[in-house]
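Chemist: Give me a model of this one.
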Amino acid sequence: MTTRVALVGGTGKLGGIIAGVIDASDDFETVAVLGSSNDLADIDGADLVVDASTPGVSVDVVRAAIERGINVLVGTSGWSSERIALVRPLVDAAGTGAVFIPNFSLGSVIGSALAAAAAPHFSSIEIVEAHRETKVDSPSGTAVRTAELIADARAEAGPVESPHVDQRARGQQVSSVPIHSLRRPGVVARQETILSGPGESLTIVHDTVEPALAYAPGIRVALAAARDARGVVVGLDTLIDLGLRPRPAPAAEAPVDEGAAPGQAARTTGA
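Modeler: Numbers count the residues shown, from 1 in each chain. Here you go, the predicted structure:
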């Protein structure tokens, strides 16, 4: 059965890429394309709302979907963990699903996961992100997500060392991590996570060169997940096993029944 999609922000760059992925799919069809100023009542009748609008409009899109009992996939930037926490009770009460994807690029998601994996081992961590001059929000949703993952990974180690953050030139702190945002022509999207410790530094860099090619695989994964989601889901990394999550501790071996021979382990042999 084909899933009917209402695409909000379909006239923007990301919206156009999402529209192309939907058009190429046999499992989804676009039944409504809304601009940021359209009446959100136009999402009525859809099975899934996909939000690629603007940060100022996105919260209204999410609420409109929840109120109508429609699942929503959010690709709009600007959703911090604090902002998502505000809609979580609404999603749970409605029994719907809301999937928030700060970045649809697999490479970007891996870069953020690698930064989080390295974070407990470095005392100083800063992020420099660059996007084209038309991006209206800063820091980027990807940088915010990366900082939040770093903070989670450093739950035991504590906040990163960030001297002189009272100075505006030191960037904006998110979860104790300074983020520096560049908005300039000639760049699509670039993020550097710089981790420093005594005598060494590690820099993790991700560049988006061709958005349509970079985002399409992640969009397909997110669409399938959002269609059937229940509750709030955050990040493409929660939908794809990157092989970077902590391995479960090995199960403890069952005690050996020594029978009548204390101190002697029974052995089983097989042919």
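
Chemist: Next, name the residue at the spatial heart of the chain.
Modeler: The centre of the chain sits closest to residue 235, judged by Cα atoms, centre = their mean, with a distance of 2.4 Å.

Chemist: Residue 110 versus that one, what's the distance?
Modeler: Distance of residue 235 to residue 110, given as Cβ to Cβ, to the nearest Å: 12 Å. Where you see a C-beta, it was placed from the backbone N, CA and C, and this is true even at glycine.

Chemist: pretty sure the residue nearest to the centre of the chain is touching residue 101, no?
Modeler: Yes. Using Cβ atoms under 8 Å, residue 235 makes contact with residue 101 at a distance of 6.9 Å.

Chemist: which residues do those two both contact?
Modeler: Shared contacts of residue 235 and residue 101, defined by Cβ atoms under 8 Å, 6 or more residues apart in numbering, are absent.

Chemist: got a pLDDT number for the residue nearest to the centre of the chain?
Modeler: With respect to pLDDT, residue 235 scores 96.

Chemist: ok, it - contacts?
Modeler: 100-102, 109, 145.

Chemist: And residue 188, by the same measure?
Modeler: 131-132, 207-211.

Chemist: Now secondary structure too, for these, in JSON lines please.
Modeler: Output for the contacts of residue 188, formatted as JSON lines (DSSP: H, G, I helix; E, B strand; the rest coil):
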{"residue": "131", "secondary structure": "strand"}
{"residue": "132", "secondary structure": "coil"}
{"residue": "207", "secondary structure": "strand"}
{"residue": "208", "secondary structure": "strand"}
{"residue": "209", "secondary structure": "coil"}
{"residue": "210", "secondary structure": "coil"}
{"residue": "211", "secondary structure": "helix"}
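
Chemist: Quick check: the two most widely separated of those?
Modeler: The span of these, defined through Cβ to Cβ, is set by 131 and 210 at 15.0 Å.

Chemist: Now for the closest residue to residue 94 other than its chain neighbours, how many residues are close by?
Modeler: Closest residue to residue 94 apart from its sequence neighbours, by Cβ to Cβ, 6 or more residues apart in numbering: residue 66 at 5.0 Å. Other residues lying near residue 66 total 22 when counted by other Cβ atoms under 10 Å.

Chemist: can you give me phi and psi for residue 66?
Modeler: The phi/psi pair for residue 66 (degrees, to the nearest 10) reads phi -60, psi -40.

Chemist: give me every residue that touches it.
Modeler: Residue 66 touches 72, 87, 90-91, 94, 96, 98, counting by Cβ under 8 Å, 6+ apart.

Chemist: got it, and residue 150?
Modeler: So residue 150 contacts 115-116, 119, 125, 160, 175, 177, 193 (Cβ under 8 Å, 6+ apart).

Chemist: re the thing from before, more neighbours: which of residue 131 and residue 210?
Modeler: residue 131 (24 against 9).

Chemist: Now do the contacts for that one.
Modeler: Contacts of residue 131 (Cβ under 8 Å, 6+ apart): 138, 140, 181-183, 187-190.

Chemist: And for residue 32?
Modeler: Contacts of residue 32 by Cβ under 8 Å, 6+ apart are 5-7, 42-43, 45-46.

Chemist: Kindly report the same for residue 220.
Modeler: So residue 220 contacts 21, 25 (Cβ under 8 Å, 6+ apart).

Chemist: Mind checking what secondary structure it has?
Modeler: helix.
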